[in-house]
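Participant: Sequence isn't available, so here's the structure alone:
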């Protein structure tokens, strides 16, 4: 891998982390905004002397909404915390389904923005794999982002996992109308190829059937010292 | 004096309904919309004095929605809602005719002050 490619990979990884953080802060900001308005509304109602039976029901509904926003925030904090810690572990045994669930939760904002649904079809009892979870998430992020940009609204992307012999597959299957989109720097086949080589797997792309990543349950030792 | 008609456009339904209720308790007449299409429909059927417009609404870029509102009636004042005071979007919005912007989560006092200023500007423009 040349210096230029190494710089590209570094740029794309920083871009990936930046976007995940931007999505996260946006979501949390929205939850806090709902909590703030809900608390403000209860204060306004108390000041206006609203304390009848009907209002009691409304207070309870507002409190339930606040609790829901707090739960949603906590879930997202947990996902981000786990995401951040994956950067510490370049080779570790992990569960692909959990890793994908976490990534998709952190990407949900981008999908909602484009009115596209992210769905999962995870095989249960998938074996843990030995690999680099942060690198895998980076790769899946690149592919899902690409699909998000190239699908019309009201489409969906299904992320499907399955076991095949001594491998685990992760397929990203788009369903919906395609739209023309400018190719971003995020989509670099050379970089994707390099990353999948580091993971010891392979990428298969089929027209209209999406992209499939295959990873061995045990990552072969392919470290070349330039993994980023 | 007639009540100020406000259209609040935000895809976070719970946020919009709580804020709408708070404004109604302060004697504003408020409608809500959760996407650009719904908002534009309401602008035709119920022309508001002031639109509070989230720049990140689904279905249409917020700036495009702002331009569509201004084409329909340039005297309708638009206050942009933005998550983090994103400089580029705010600048684009102000260039495209927005009256002001406010950062989410909002301070109700600040929002009311901006709504009243926007309504005053609209009244002056209509006299």
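Facilitator: The structure has been received and is ready for your questions. Bear in mind that the values here come from a model prediction, so they are computed numbers and not experimental data.
Participant: Need the three-state assignment for the residue nearest the centre of chain B.
Facilitator: Computing the C-alpha centroid of chain B and ranking residues by C-alpha atoms, centre = their mean puts residue B:52 first, at 1.6 Å. At residue B:52, secondary structure determined by DSSP: H, G, I helix; E, B strand; the rest coil is strand.
Participant: In the lengthiest helix in chain B, which residues are buried?
Facilitator: Longest helix of chain B, by residue count under DSSP state H: helix B:108-126. For helix B:108-126, the neighbour count (16 or more other C-beta atoms under 10 Å in any protein chain shown) marks B:108, B:111, B:112, B:114, B:115, B:118, B:119, B:121, B:122 as buried. Where C-beta positions appear, they are placed from N, C-alpha and C, glycine not excepted.
Participant: Mind giving me the packing neighbours of that helix?
Facilitator: Contacts defined by 3 or more C-beta pairs under 8 Å, 6 or more residues apart in numbering or on different chains; DSSP states H and E place helix B:108-126 against helix B:13-25, strand B:50-54, strand B:77-82, strand B:100-103.
Participant: how far off strand B:50-54 does the next helix or strand after the second one point, in degrees?
Facilitator: Read that as strand B:50-54. Sequence order places helix B:62-72 as the next helix or strand after strand B:50-54, per DSSP states H and E. Computed by axes from the mean of the first three to the mean of the last three C-alpha atoms, to 10 degrees, the angle separating helix B:62-72 from strand B:50-54 equals 160 degrees.
Participant: Contacts (any at all) between chain A and helix B:62-72?
Facilitator: No: Helix B:62-72 stays clear of chain A (C-beta under 8 Å from any C-beta of the partner chain), getting no nearer than 11.0 Å.
Participant: So which elements touch that helix?
Facilitator: Here helix B:62-72 is seen to pack against helix B:36-45, strand B:50-54, strand B:77-82, helix B:87-95 when contacts are counted using 3+ C-beta pairs under 8 Å, 6+ apart.
Participant: ranking the ones you listed by burial, who's on top?
Facilitator: Comparing those by mean neighbour count (mean count of other C-beta atoms under 10 Å in any protein chain shown), strand B:50-54 ranks first with a mean of 27.
Participant: That one pairs with which strands?
Facilitator: Applying DSSP bridges, strand B:50-54 is found paired with strand B:5-9 (parallel), strand B:77-82 (parallel).
Participant: Now render those strands as a markdown table, adding mean pLDDT.
Facilitator: As requested, those are arranged in a markdown table below (pLDDT from 0 to 100):
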| stretch | mean pLDDT |
| --- | --- |
| strand B:5-9 | 97 |
| strand B:77-82 | 95 |
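Participant: can I get the ones you listed in a markdown table with distance to residue A:21?
Facilitator: What follows is the strands paired with strand B:50-54, written out as a markdown table (distance: least, C-beta to C-beta, whole Å):
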| stretch | distance to residue A:21 |
| --- | --- |
| strand B:5-9 | 26 |
| strand B:77-82 | 18 |
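Participant: Look at residue A:50 and give its secondary structure.
Facilitator: Residue A:50, by the three-state scheme (three-state DSSP), is coil.
Participant: ok, back up a step: please give me every residue in contact with the residue nearest to the centre of chain B.
Facilitator: By C-beta atoms under 8 Å, 6 or more residues apart in numbering or on different chains, the contact list for residue B:52 reads B:6, B:7, B:8, B:9, B:10, B:78, B:79, B:81, B:102, B:111, B:115.
Participant: bridging residues for the second one?
Facilitator: The bridge-partner assignment for residue B:7, based on DSSP bridges, gives residue B:31, residue B:51.
Participant: Wait, it touches residue B:29, no?
Facilitator: No: applying C-beta atoms under 8 Å, one finds residue B:7 not in contact with residue B:29, separated by 9.8 Å.
Participant: separation between residue B:3 and residue B:62?
Facilitator: Taking C-beta to C-beta, to the nearest Å as the measure, residue B:3 falls 26 Å from residue B:62.
Participant: In CSV, list the helices and strands packed on helix B:108-126 along with distance to residue A:160.
Facilitator: Conversion of these to CSV gives the following (distance: least, C-beta to C-beta, whole Å):
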stretch, distance to residue A:160
helix B:13-25, 31
strand B:50-54, 33
strand B:77-82, 36
strand B:100-103, 40
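Participant: among the ones you listed, which is nearest residue A:20?
Facilitator: In terms of C-beta to C-beta, the element of the helices and strands packed on helix B:108-126 nearest to residue A:20 is strand B:77-82, at 20.3 Å.
Participant: I am finished for the moment; much appreciated.
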